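[1] Prediction below, plus the sequence it came from.
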2 protein chains.
Amino acid sequence: MGFISNILKSRSPEDGDFFLKLKDVLGYTPKNKSLYLKAFTHRSMNLRDKKGNSINYERLEFVGDAMLGAVIASHLFSEVPQGDEGYLTKMRSKVVSREHLNELGKDLGLIDLVISRIPKSNFGNNIHGNLFESLVGAIYLDKGFKTCERFIYNNVINPYVDIEKLEGKVISYKSLLIEWCQKEKNSFDYDVYEDTGKDELKHFSVKLSINEKVVSKARATSKKKAEEKASKRAFFAFQKQMTKLI
Amino acid sequence: MGFISNILKSRSPEDGDFFLKLKDVLGYTPKNKSLYLKAFTHRSMNLRDKKGNSINYERLEFVGDAMLGAVIASHLFSEVPQGDEGYLTKMRSKVVSREHLNELGKDLGLIDLVISRIPKSNFGNNIHGNLFESLVGAIYLDKGFKTCERFIYNNVINPYVDIEKLEGKVISYKSLLIEWCQKEKNSFDYDVYEDTGKDELKHFSVKLSINEKVVSKARATSKKKAEEKASKRAFFAFQKQMTKLI
């Protein structure tokens, strides 16, 4: 395909990096590579195919948005049996809010993959969520529904969507964990360190220990987020004991 | 499950009919029957499960709506390569408009399956579309994405979604067919007859002949619709010749 070879020509030194980093995000090797290149191509590149149709990530956002909507609808249907149609709709819009999608895209460092004539620093915050949606669209078109669903579970539902928090029962897993540790007389420690690795954005890792045993780890773009993620993972490990506090 | 047995008890004489008619609509035998009973249960039945959660089709509508959105998004992405995100969004909302969904539900005769305390004649027009959405939700939850996608292709996309019509190029397939026949000096005949069968709603069937040979058949709730459906089927059979007229 002309588009791929053009892209490869124009950015060949970094191209290996693109698919290496992408594979890291996806957890598998892409089949139709041109779809993923498209998913990260900004309109400023002004690319067109032979028929004159624009090549950029915007059409893939449309597909990704629809897939996110479908997978999350079906998850909420099963997980919130007491919620009526209006309630489920409200919960879904929290999960796929612009703000949340931006956060997801940022945590995955998707902006490091963008193909653009505009310097990365000039993009607004929405670029992160837009790339996240277009990536979801590319995954669906490349690998089908099951893989796309798994990606959404791994990157949206499992780490971020929890009914307690969405229903406002839990505001912060860190506070809940501290409260529980104090009540049960457990010692706890958040060991936070900078762990930017190859990402352009600063990242932090944290190890959470309870009674001097590491119980969970997490990595995110701020200390606070990494601690909250690790606390949530610990919450699921000790769910039975901790839910008594909610 | 208590719900099924209650329903079976309360409507046992007609129950065989329910699943017979349903199988006809689905083209397969349902696995989780309670999902389909739920998909046709109106809130007027005031049913609740053991935990006190309402049993009616409204939550399934939420899932069906999302599945329709996803399958149609991906179809339009492939079929309309020249359309940008905004254009695809607009086209999709035409396909899943309330009016169109009502028409789809009506053509399948879904209201004949409704389980309700309210007489069928008291429902407004939206009941048809609501039942169509909830049925799509039940299909997804019972049989997974592939079957649900196939149902949407067979019942929404193949018979009704065509890019020419959505883009306003074709207003009526019947006019187009007549124009073509006159130009090519072909004789044509729409043989329409009432064909209500077991449905409560009046239905019409039509056989369309060109040069005294039947080229397509269709069935719908009005003469006009049946003729349009048959004309569209003929259009696809003679597409190469007829598209010259568009």
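    On my side now, so go ahead.
[2] only C-alpha atoms for contact and neighbour calcs from this point on.
    Will do.
[3] Please name the bridge partners of A:V214.
    Bridge pairing for A:V214 (DSSP bridges) gives the partners A:S209.
[4] Could you report the separation of it from chain B?
    38 Å (CA to the nearest CA, to the nearest Å).
[5] How many residues are close by that residue?
    Applying other CA atoms under 10 Å in any protein chain shown, we find 15 residues neighbouring A:V214.
[6] Next up, the contacts around A:T147.
    By CA atoms under 8 Å, 6 or more residues apart in numbering or on different chains, the contact list for A:T147 reads A:I139, A:Y140.
[7] Now do the helix or strand hosting it against helix B:145-152, angle only.
    Applying DSSP states H and E as the criterion places A:T147 in helix A:145-152. Relative orientation of helix A:145-152 and helix B:145-152, computed by axes from the mean of the first three to the mean of the last three CA atoms, to 10 degrees: 120 degrees.
[8] Does A:L208 touch A:S231 like I think?
    Yes. When contacts are counted by CA atoms under 8 Å, A:L208 is listed as touching A:S231 (7.5 Å).
[9] Quick check: neighbours shared by these two?
    What both A:L208 and A:S231 touch, as defined by CA under 8 Å, 6+ apart, is the set A:S216.
[10] Who has more neighbours out of these two?
    A:S231 (27 against 21).
[11] A helix includes A:T29, no?
    No. Counting by DSSP: H, G, I helix; E, B strand; the rest coil, A:T29 is not found in a helix; it is coil.
[12] Quick check: phi and psi on it?
    Per-residue torsions, A:T29: phi -90, psi 120 (degrees, to the nearest 10).
[13] Disregarding residues adjacent in the polypeptide, which is nearest to A:L35?
    A:A138 (5.6 Å; CA to CA, 6 or more residues apart in numbering or on different chains).
[14] Would you point out which residue is most central in chain A?
    Residue closest to the average C-alpha location in chain A (CA atoms, centre = their mean): A:L104, at 3.4 Å.
[15] Wait, that residue touches A:E133, no?
    No. A:L104 is beyond contact range of A:E133, at 9.9 Å (criterion: CA under 8 Å).
[16] then the helix holding A:T147 to PDB, C-alphas only?
    Extracted in PDB, the C-alpha atoms of helix A:145-152 (Å, rounded to 0.1, in the frame of the first residue of the first chain):
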ATOM      1  CA  PHE A 145     -14.600  -8.100  18.300                       C
ATOM      2  CA  LYS A 146     -13.000 -10.600  20.800                       C
ATOM      3  CA  THR A 147      -9.600  -9.000  20.800                       C
ATOM      4  CA  CYS A 148     -11.100  -5.500  20.900                       C
ATOM      5  CA  GLU A 149     -13.200  -6.500  23.800                       C
ATOM      6  CA  ARG A 150     -10.200  -7.900  25.600                       C
ATOM      7  CA  PHE A 151      -8.200  -4.700  25.000                       C
ATOM      8  CA  ILE A 152     -11.100  -2.700  26.500                       C
END
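[17] Can you mark which positions in it are buried?
    Within helix A:145-152, the residues that qualify as buried are A:F145, A:T147, A:C148, A:E149, A:F151, A:I152, counting by 16 or more other CA atoms under 10 Å in any protein chain shown.
[18] continuing past that helix, what's the next helix or strand?
    Counting by DSSP H and E, what follows helix A:145-152 is helix A:158-160.
[19] Give me the buried positions along that following helix.
    A:Y160.
[20] what are the ranges of the helices in chain A?
    A:2-10, A:12-26, A:33-39, A:58-79, A:85-95, A:98-107, A:126-143, A:145-152, A:158-160, A:163-166, A:173-184, A:223-237, A:239-242 (DSSP state H).
[21] Same list, these, but as TSV with mean pLDDT please.
    TSV is the format used below for those (pLDDT from 0 to 100):
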stretch	mean pLDDT
helix A:2-10	51
helix A:12-26	81
helix A:33-39	96
helix A:58-79	97
helix A:85-95	91
helix A:98-107	91
helix A:126-143	98
helix A:145-152	97
helix A:158-160	76
helix A:163-166	67
helix A:173-184	87
helix A:223-237	85
helix A:239-242	68
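[22] Go through these and name the closest to B:E200.
    Proximity to B:E200 (CA to CA) singles out helix A:85-95 among these, at 29.1 Å.
[23] Please see if the closest one touches chain B.
    Yes. Applying CA under 8 Å from any CA of the partner chain, one finds helix A:85-95 in contact with chain B at A:E85, A:L88, A:T89.
[24] and the angle from that helix to helix A:98-107?
    40 degrees.
[25] Which elements pack onto helix A:85-95?
    helix A:58-79, helix B:58-79 (3 or more CA pairs under 8 Å, 6 or more residues apart in numbering or on different chains; DSSP states H and E).
[26] Only C-alpha atoms, please: export the last one in CSV.
    What it means is helix B:58-79. Output in CSV follows, covering the C-alpha atoms of helix B:58-79 (Å, rounded to 0.1, in the frame of the first residue of the first chain):
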residue,chain,number,x,y,z
GLU,B,58,-35.8,-1.8,29.0
ARG,B,59,-32.3,-2.7,30.1
LEU,B,60,-31.9,-4.9,27.1
GLU,B,61,-32.8,-2.0,24.9
PHE,B,62,-29.6,-0.2,26.2
VAL,B,63,-27.5,-3.2,25.1
GLY,B,64,-29.2,-3.6,21.7
ASP,B,65,-28.9,0.1,21.0
ALA,B,66,-25.1,0.0,21.6
MET,B,67,-24.7,-3.2,19.5
LEU,B,68,-26.6,-1.6,16.6
GLY,B,69,-24.4,1.5,16.9
ALA,B,70,-21.2,-0.6,16.8
VAL,B,71,-22.1,-2.9,13.9
ILE,B,72,-23.4,0.0,11.8
ALA,B,73,-20.4,2.2,12.5
SER,B,74,-18.1,-0.5,11.3
HIS,B,75,-20.2,-1.1,8.2
LEU,B,76,-20.3,2.6,7.3
PHE,B,77,-16.5,2.9,7.9
SER,B,78,-15.9,0.3,5.1
GLU,B,79,-18.7,1.3,2.8
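[27] How far away from the center of its chain is it?
    14 Å (CA atoms, centre = their mean, to the nearest Å).
[28] and chain A, what are its domains?
    With domains defined by automatic domain parsing, chain A comprises A:2-162, A:173-245.
[29] who's in contact with A:S216?
    Per CA under 8 Å, 6+ apart, neighbours of A:S216: A:K207, A:L208, A:S209, A:A230, A:S231, A:R233, A:A234.
[30] Then A:K217?
    Neighbours of A:K217 in contact, by CA under 8 Å, 6+ apart: A:S205, A:V206, A:K207, A:L208, A:A230, A:R233.
[31] Relative to A:A218, how far out is the residue of chain A most remote from its centre?
    Using CA atoms, centre = their mean, the residue of chain A lying farthest from its centre is A:K185. It sits 34.8 Å away. A:K185 sits at a distance of 24 Å from A:A218 (criterion: CA to CA, to the nearest Å).
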